[in-house]
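J.: Using only what follows, build the 3D model:
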Amino acid sequence: MSPQEKLLALQNQLASLESIAVAFSGGVDSTLLLRVARDLLGAKRVLAVTAVSPFFPIREQKESKALAAQLGVHQELISIDPLQTPEVTRNDAKRCYYCKKVLMRSCLDRAQELGFPRLVDGSNLDDLSDYRPGSEAIKELGISSPLVTAGLTKQDIRFLSHQLGLPTADKPAFACLASRIPYGTAITTAALSQVETCEAFLNRAGLNNYRVRHHGNTARIEVPPAQLYELIQEPLRSELVAHCKQAGFHFVTLDLEGYRTGSLNEELS
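T.: Sure thing, here's the model as predicted:
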């Protein structure tokens with residue numbers, strides 16, 4: 001099927017609904033879903049629900065607010081601290097399941113309080129091929145994933161986002177900050193803050209795809225292989241080292257394998 005045919009399948013799913021709430025992060029997937037829902041149902045019948053949590057950078061929260069406002073859809077912000085859940089804090093291989101259960105349960109409850117009985121999320125077809133225990137939690141809560149049902153891949157979503165003129169069309173994929181901490185290492189607010197601070201520096205330096213993996217007192221930085229040379233040039237190298245050490249790391253390393261999504265999942269293989 002072409003992207004346009006998949007878009008039609010998505011529209012057919014949503015068209016018969018009275019209203020819908022979208023779990024909205026401001027990423028490429030949920031932004032397309034929110035736009036299509038708004039176009040079909042009208043802004044007043046669509047709600048964007050966004051979790052505000054230490055697991056998500058302030059920068060991402062600000063971008064989601066701007067996007068919801070641009071689309072003219074009311075955004076409900078829900079403050080949630082997953083670190084209050086011991087199963088999340090201990091950070092075993094099912095952390096994402098426990099965290100997603102807490103976040104999405106809260107989003108669903110709030111949406112229903114506001115008169116939106118149906119909550120959907122922005123998972124896409126490609127997500128099914130990665131290790132994502134959070135998908136199990138979504139299913140258990142009865143939350144559907146219309147992009148998956150329509151067969152939309154990340155490439156399809158970017159293509160359609162370009163066609164619709166969405167500013168997120170080329171936005172890099174983002175995973176929560178907890179994904180930077182190796183399984184078996186307890187998650188703390190301090191560790192999340194260290195990662196957010198260092199990644200904010202990389203963002204300001206003009207990099208798009210990056211991860212700062214937290215290995216105790218060592219920061220392991222991933223960028224695309226083509227950008228490795230750029231990162232060791234002065235003054236960027238020394239500024240990056242100084243920034244990471246100021247954030248609390250003792251050692252600053254560059255991963256020669258380069259950026260790859262879910263690299264900490266390699267430990268599970």
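J.: which residues in this structure form helices?
T.: 3-15, 28-41, 58-71, 86-89, 95-113, 134-140, 146-149, 154-163, 189-204, 228-231, 236-246 (DSSP state H).
J.: For these, which has the smallest mean pLDDT value?
T.: Note on those: lowest mean pLDDT is at helix 134-140, with a mean of 88.
J.: quick one: contacts of that one?
T.: 96, 97, 98, 99, 100, 101, 104, 121, 123, 127, 128, 145 (CB atoms under 8 Å, 6 or more residues apart in numbering). C-betas here are computed from N, CA, C, even on glycine.
J.: farthest-separated two in the residues you listed?
T.: 98 and 128 (20.2 Å; CB to CB).
J.: which parts of stretch 37-50 are buried?
T.: Residues 37, 38, 40, 41, 46, 47, 48, 49, 50 are the ones in stretch 37-50 that count as buried (16 or more other CB atoms under 10 Å).
J.: distance between the ends of that stretch?
T.: Chord length of stretch 37-50, first to last residue, is 16 Å (CA to CA, to the nearest Å).
J.: residues in contact with that stretch?
T.: 11, 14-15, 17-26, 34, 61, 64-65, 68, 71-78, 107, 110-111, 114, 116, 119.
J.: And stretch 188-200, by the same measure?
T.: Contacts of stretch 188-200 (CB under 8 Å, 6+ apart): 54-55, 57-59, 83, 89, 177-178, 180-181, 210-212, 214, 219, 221, 243-244, 247-249.
J.: coming back round to it: using CSV, please lay out the buried residues of stretch 37-50 together with distance to residue 185.
T.: Shown next, in CSV, are the buried residues of stretch 37-50 (distance: CB to CB, whole Å):
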residue, distance to residue 185
37, 38
38, 41
40, 44
41, 43
46, 39
47, 36
48, 33
49, 30
50, 27
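J.: related to what we said a few turns ago, in PyMOL, select just the buried ones from the contacts of helix 134-140.
T.: Applying 16+ other CB under 10 Å to the contacts of helix 134-140, the buried members can be selected in PyMOL as follows:
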select buried, resi 96+97+98+99+100+101+104+121+123+127+145
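J.: Reformat the contacts of helix 134-140 as JSON lines; add distance to residue 239.
T.: Formatted as JSON lines, those follow (distance: CB to CB, whole Å):
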{"residue": "96", "distance to residue 239": "33"}
{"residue": "97", "distance to residue 239": "38"}
{"residue": "98", "distance to residue 239": "37"}
{"residue": "99", "distance to residue 239": "33"}
{"residue": "100", "distance to residue 239": "36"}
{"residue": "101", "distance to residue 239": "40"}
{"residue": "104", "distance to residue 239": "39"}
{"residue": "121", "distance to residue 239": "38"}
{"residue": "123", "distance to residue 239": "37"}
{"residue": "127", "distance to residue 239": "35"}
{"residue": "128", "distance to residue 239": "40"}
{"residue": "145", "distance to residue 239": "41"}
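J.: What does the pLDDT read for residue 165?
T.: At residue 165, pLDDT is 97.
J.: got it, and residue 260?
T.: pLDDT, read off for residue 260, is 84.
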